[in-house]
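> sequence first, then the predicted structure:
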Amino acid sequence: MPDWVSETVKRQQLVVAAVLSGNRNFEGRVHPEVRANYLASPPLVVAYALAGSVAVDLTKDPLGTGKDGKPVYLKDVWPTNREVQAALDKSLNAEMFRKRYANVFAGTPEWQKIKTKPSMTYGWNPGSTYVQNPPYFVDMPKEPRPLADIRGAKALAVLGDSITTDHISPAGSIKSNSPAGQYLTERGVAPAMFNSYGARRGNHEVMVRGTFANVRLRNRLPQL
């Protein structure tokens, strides 16, 4: 999202929407400034993009105007089953799959360039910002310890309705001014290379700083 759009959304406290084909419809997950996220099939994602708004009825409102000045509706651009099958027949064949999976275990050239040492166990890299040895693995006994009462625990957050797992442990983008962003910056990672919480979930140092990091989450604890 362009910076000027993001700033306008924040300054005017706008509720803007996104439409995507996937499972990431949590508030603020597609983009920190996008509160309303809707799931749709890939063709409908394109249709809403052409319309430029979710405040339309695709069954009767036009997506836009054609070169001839006439309105263009979804029914005008929606492919028939025959057209879809013709595209598949033209684009896919068995040889493509045989060629692609013939060296599936060899990996891509980028994968093959990764330097490794033969070992029965994973060689932890203490400088990695992606994968770290989590502390609960250190001195972990073979047999679990017996259950015991939890004493002296304190609440971290008091939350309202509509709280999802994404609010508690987000998988979306990492903001530069967040604790996780500051952690990565201190280790020489440029904001453009932050990637996402989901990509860095193998690093507990990033994830513990990302807990409750959803920009829309409000902790009521200080108010109580």
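Arrived safely.
> give the burial count for Leu74, as a bare number.
Residues lying near Leu74 (other C-beta atoms under 10 Å) number 20. Bear in mind the C-beta positions are built from the backbone N, C-alpha and C, glycine included.
> what sits closest to it if chain neighbours are left out?
Leu58 (4.8 Å; C-beta to C-beta, 6 or more residues apart in numbering).
> which pLDDT does the model give the one you found?
On the pLDDT scale, Leu58 is placed at 95.
> that one contacts Val46, doesn't it?
No. Using C-beta atoms under 8 Å, Leu58 is not in contact with Val46; the gap is 11.2 Å.
> which of these two has more neighbours?
Between Leu58 and Val46, counted using other C-beta under 10 Å, Leu58 has the larger neighbour count: 18 against 15.
> list the contacts of that one.
Under the criterion of C-beta atoms under 8 Å, 6 or more residues apart in numbering, the neighbours of Leu58 are Leu44, Ala47, Tyr48, Ala51, Leu74.
> quick one: Val54 and Arg24, what's the gap?
16 Å (C-beta to C-beta, to the nearest Å).
> same question for Gly198.
Taken as C-beta to C-beta, the span from Gly198 to Arg24 is 9 Å.
> give the residues shared as contacts by those two.
Residues touching both Gly198 and Arg24 (C-beta under 8 Å, 6+ apart) are Ala171, Gly172.
> looking at the chain, which helix or strand is least sure?
Sorting the helices and strands of the chain by mean pLDDT, DSSP states H and E puts helix 165-168 at the bottom, at a mean of 80.
> and that helix, what's buried?
Asp166, His167, Ile168 (16 or more other C-beta atoms under 10 Å).
> counting neighbours, what do you get for Ala55?
Neighbours of Ala55 under the rule other C-beta under 10 Å: 8.
> go on, Gly28?
Residues lying near Gly28 (other C-beta under 10 Å) number 20.
> now do Gly210
Per other C-beta under 10 Å, the neighbour tally for Gly210 reads 26.
> ok, now Leu63?
Residues near Leu63, counting by other C-beta under 10 Å, number 20.
> how much space between the residue nearest to the spatial centre of the chain and Val9?
Centre of the chain computed as the mean C-alpha position; nearest residue by C-alpha atoms, centre = their mean is Gly172, 4.1 Å away. Per C-beta to C-beta, Gly172 is found 16 Å from Val9.
> for the residue nearest to Asp61 when sequence neighbours are not counted, what are its contacts?
Leaving aside its chain neighbours, Asp61 sits nearest to Ala51 (7.3 Å; criterion: C-beta to C-beta, 6+ apart). Ala51 sits next to Leu58, Asp61, Leu63, Gly64 when contact means C-beta under 8 Å, 6+ apart.
> where in the chain is pLDDT low?
Counting by pLDDT under 70, the chain has low-confidence residues at 223-224.
> mind listing the helices for it?
Remark: helices assigned in the chain by DSSP state H are 3-12, 42-51, 74-77, 81-91, 94-101, 109-112, 165-168, 179-186, 204-210.
> buried ones in the first one?
Meaning helix 3-12. Those would be Val9, for helix 3-12 by 16+ other C-beta under 10 Å.
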